[in-house]
Each structure stands twice: as structure tokens, then as C-alpha cells.
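Enquirer: Sequence and predicted structure below; questions after.
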Amino acid sequence: MTEPLHILHVTDPHLHAHRDAMMRGLNTFESFVAVIDHVAAGQRKPDAVLATGDLVQDETRQGYERFRQVVSKLDVPVHCVPGNHDSPRIMAEVLGKPPFHFCGSHSYGNWRLLMLNSTVRWDDGGRLEPSQLKILETALHKHPHEHVLIALHHHPLPTGSHWLDGLGLRNSDEFLRIIDGCTNVRAVAWGHVHQAAETMRNNVLMFSTPSTGSQFLPDSDVFMMDSRPPGYRWIELQPDGSLETEVVWLS
């Protein structure tokens with residue numbers, strides 16, 4: 001790998017079976033189409049798409065087929081993890097064949113994307129089950145010379161919003177302990193929080209990306225919506241293991 005790898009990070013579109021369905025006063029399908037069209041019309045083209053959960057709100061096959069149809073116009077690999085509103089089973093069936101990938105580990109040159117399933121049935125919060133922690137630990141030790149970007153749905157770090165932090169990754173201590181024991185993790189990306197945030201922790205860039213739909217008000221102790229528009233994030237992975245990111249908001 002001699003050139004930067006450009007990753008498009010989209011999250012939380014909350015699509016439905018019906019394209020005219022509304023959520024909090026927003027048509028989520030039209031909003032998602034607007035995001036993908038904005039990317040497709042731009043000068044920067046993605047090498048791959050990272051989609052971190054809550055792709056569908058109503059757990060319908062039609063919702064995932066709608067997601068597949070829209071993102072397919074970018075004609076690049078699409079790496080997906082489920083969120084608390086997703087059906088992992090249906091999602092894996094519809095989005096489990098190339099160029100779509102459901103969870104798993106995928107290499108691009110000397111970079112590795114490690115996609116984890118943090119969903120727990122009947123819980124809006126998340127947890128990495130022992131099998132997922134084993135996948136994480138095994139991949140990190142098996143590929144010590146690769147730079148690793150980890151993606152999951154639930155946030156492993158507090159957001160500063162009391163209500164939202166009650167719905168984060170419930171065993172984040174186990175997750176953080178594993179990545180703290182490895183030197184090849186460069187970044188951790190997630191969705192779920194419907195807001196943009198970035199922080200460095202032990203030389204690892206930790207960040208969330210805004211929803212392609214509506215956003216949550218940051219630093220609010222109770223559930224409140226923000227007035228920010230739909231958004232997405234560019235992640236540029238450099239051959240030397242460094243990376244740069246940029247959040248793009250639709251007007």
C-alpha cells in the first residue's frame with residue numbers, strides 16, 4: 001500500500017421498509033440518499049464504506065435491500081456492523097455477500113478493518129460477547145504488523161450525556177483492556193450517539209460520526225434533539241499508520 005486509503009463512514013440511517021417513512025419529522029430514506037448522492041458528486045471517491053449500525057429501524061428485509069440499493073451506486077466494498085435497532089440475522093443475509101461484508105476482519109494493504117458486533121437482543125445498550133472479544137484479541141495478535149481500525153456500533157467512551165451513556169458499551173473495560181495491550185490499534189470508530197466527537201486515548205484516535213439523519217444534542221442529561229443536519233465522515237488511512245478524519249455536514 002503506497003497511497004492513502006479513503007474510507008467513507010456512514011452510520012445510523014434508520015431506514016424502513018417504506019421509503020416515505022418518517023422518524024422524528026425526517027424522511028430517513030431521502031436523507032440517506034442525499035448523503036450518498038453528495039459523496040458520489042464530490043471529487044473525493046471512497047475506496048470502501050464503513051457503516052456502523054442502525055442501518056434499519058424496523059428490522060425489515062426491505063430496509064436492508066433499500067440500503068444495499070442506495071450504497072451500491074458507489075461501487076466499492078461496504079463493511080457493516082449491526083446496531084441495537086438492526087436484525088443481525090436479516091442484515092447478514094442481505095449484506096453478507098461481496099461487495100458487502102457483515103462484521104469480520106478485512107485487510108487493505110497494511111491496514112486491517114476489524115468489525116465487531118456489539119448488539120444485545122432487547123437492550124439498546126451494547127456488549128461484546130466473549131466470542132467477539134476473542135475475535136478482537138486473536139486478530140490483533142495474529143496481525144501485529146498491520147495498522148488496525150476497529151469499528152462497532154456502541155460507544156466505548158462516555159459522551160457526557162447522562163441518558164446516552166446509560167446505553168453505551170456495557171463491558172467497555174474489557175474492550176479497552178484488550179486494545180491497551182496491543183500497539184497496532186490506530187483508531188476506534190462507532191455510531192449510535194448521533195453526534196460527532198474525537199479524542200485521543202493512549203495514542204489511539206477514538207471517534208463517533210453523526211447520523212445520516214437527525215442528531216442528538218451533545219452534553220445533554222436528558223434526551224434532546226440537535227438542530228445539526230445529516231452528516232458523514234471521511235477517514236484517510238495513510239501507509240505509515242497515521243490517519244486523518246473530516247466530518248461533512250449537509251446543508
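Expert: Arrived safely, thanks for sending.

Enquirer: contacts and neighbour counts: CA atoms only from here.
Expert: OK.

Enquirer: show me where the stretch 151-251 of the chain has strands.
Expert: Secondary structure of the stretch 151-251 of the chain (DSSP state E, counting those that start in this stretch): strands at 185-190, 197-201, 204-208, 231-237, 243-249.

Enquirer: Tell me the bridge partners for the residue nearest the centre of the chain.
Expert: Compute the mean C-alpha point of the chain, and by C-alpha atoms, centre = their mean the closest residue is Thr52, 2.2 Å away. Beta-bridge pairing of Thr52 under DSSP bridges involves Val81.

Enquirer: give the contact list for it.
Expert: Thr52 sits next to 9-12, 80-83, 151-153, 190-191 when contact means C-alpha atoms under 8 Å, 6 or more residues apart in numbering.

Enquirer: Distance of it relative to His9?
Expert: Distance of Thr52 to His9, given as C-alpha to C-alpha, to the nearest Å: 8 Å.

Enquirer: Repeat that for Gly42.
Expert: 15 Å.

Enquirer: quick one, which of those two is more surrounded?
Expert: His9 (29 against 9; other C-alpha atoms under 10 Å).

Enquirer: Can I get the one helix or strand that one maps to in CSV? Just the C-alpha atoms.
Expert: Element membership of His9, judged by DSSP states H and E, is strand 5-10. Backbone C-alpha positions of strand 5-10 (Å, rounded to 0.1, in the frame of the first residue of the first chain) are rendered in CSV as follows:
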residue,chain,number,x,y,z
LEU,A,5,-7.0,4.6,1.7
HIS,A,6,-10.2,6.7,1.7
ILE,A,7,-12.9,5.3,3.9
LEU,A,8,-16.5,6.8,3.9
HIS,A,9,-18.0,6.4,7.4
VAL,A,10,-21.8,6.5,7.5
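
Enquirer: Can you name every helix or strand that that strand contacts?
Expert: Using 3 or more C-alpha pairs under 8 Å, 6 or more residues apart in numbering; DSSP states H and E as the contact test, the elements touching strand 5-10 are strand 48-52, strand 231-237.

Enquirer: Point out the most buried one among the ones you listed.
Expert: strand 48-52 (a mean of 25; mean count of other C-alpha atoms under 10 Å).

Enquirer: can you state the direction angle for the following helix or strand past that one and strand 48-52?
Expert: Along the chain past strand 48-52, the next helix or strand (assigned with DSSP H and E) turns out to be helix 61-71. Counting by axes from the mean of the first three to the mean of the last three C-alpha atoms, to 10 degrees, helix 61-71 lies at 150 degrees to strand 48-52.

Enquirer: Just checking the distance from helix 61-71 to the centre of its chain.
Expert: 17 Å (C-alpha atoms, centre = their mean, to the nearest Å).

Enquirer: What is that helix packed up against?
Expert: Using 3+ C-alpha pairs under 8 Å, 6+ apart, helix 61-71 is in contact with helix 28-41, helix 88-94.

Enquirer: Give me the buried positions along the shortest one.
Expert: Of all the residues in helix 88-94, those buried under the rule 16 or more other C-alpha atoms under 10 Å are 88, 90-92, 94.

Enquirer: Now for this protein, the helix or strand with the poorest mean pLDDT.
Expert: Of the helices and strands making up the chain, the lowest-confidence element is strand 22-23, at a mean of 90, by mean pLDDT, DSSP states H and E.

Enquirer: tell me what it is packed against?
Expert: Counting by 3+ C-alpha pairs under 8 Å, 6+ apart, strand 22-23 packs on no helix or strand.
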